[in-house]
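In: Next come a sequence and a model predicted from it.
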Amino acid sequence: MRAENRKSIFIRFNMEDTAGRELCLKLTKEAGNAASLTSYVKRVLEEFFNLNAKIADRQEFHTRMLSVLR
């Protein structure tokens, strides 16, 4: 894969900050036996965006059904 086709993000957690520390610990715990924390975070983000898209689709369907019924 060519370098220009790859993108990276870096996340730093401030372990002195309660919210940052708790998020980091949750991610690490939930990743469990995942090959890497990075792979786990990518999967969680993909699931999050897919879920949001499904919710938006359902809300749009609901809105359309209400307008048809009215």
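Out: Good, I have the coordinates.
In: Give me the most central residue, the chain.
Out: Leu45 (2.1 Å; CA atoms, centre = their mean).
In: Counting by contacts, list what whatever helix or strand it lives in packs against.
Out: Leu45 is part of helix 37-69 when elements are defined by DSSP states H and E. Judged by 3 or more CB pairs under 8 Å, 6 or more residues apart in numbering; DSSP states H and E, helix 37-69 is in contact with helix 18-31. Backbone N, C-alpha and C define where each C-beta goes, glycine included.
In: Just the CA coordinates for the helix it packs on, please, in CSV.
Out: In CSV, the C-alpha atoms belonging to helix 18-31 read as follows (Å, rounded to 0.1, in the frame of the first residue of the first chain):
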residue,chain,number,x,y,z
THR,A,18,-9.9,11.4,35.4
ALA,A,19,-11.9,11.3,32.2
GLY,A,20,-8.9,10.6,30.0
ARG,A,21,-7.6,7.9,32.4
GLU,A,22,-11.0,6.2,32.7
LEU,A,23,-11.5,6.2,28.9
CYS,A,24,-8.0,4.7,28.4
LEU,A,25,-8.6,2.0,31.0
LYS,A,26,-12.0,1.1,29.5
LEU,A,27,-10.6,0.8,26.0
THR,A,28,-7.7,-1.3,27.3
LYS,A,29,-10.0,-3.6,29.3
GLU,A,30,-12.6,-4.0,26.5
ALA,A,31,-9.9,-4.7,23.9
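In: Any chance you could list what contacts that helix?
Out: Phe13, Asn14, Met15, Leu37, Tyr40, Val41, Val44 (CB atoms under 8 Å, 6 or more residues apart in numbering).
In: what's the burial count for Phe10?
Out: 4 (other CB atoms under 10 Å).
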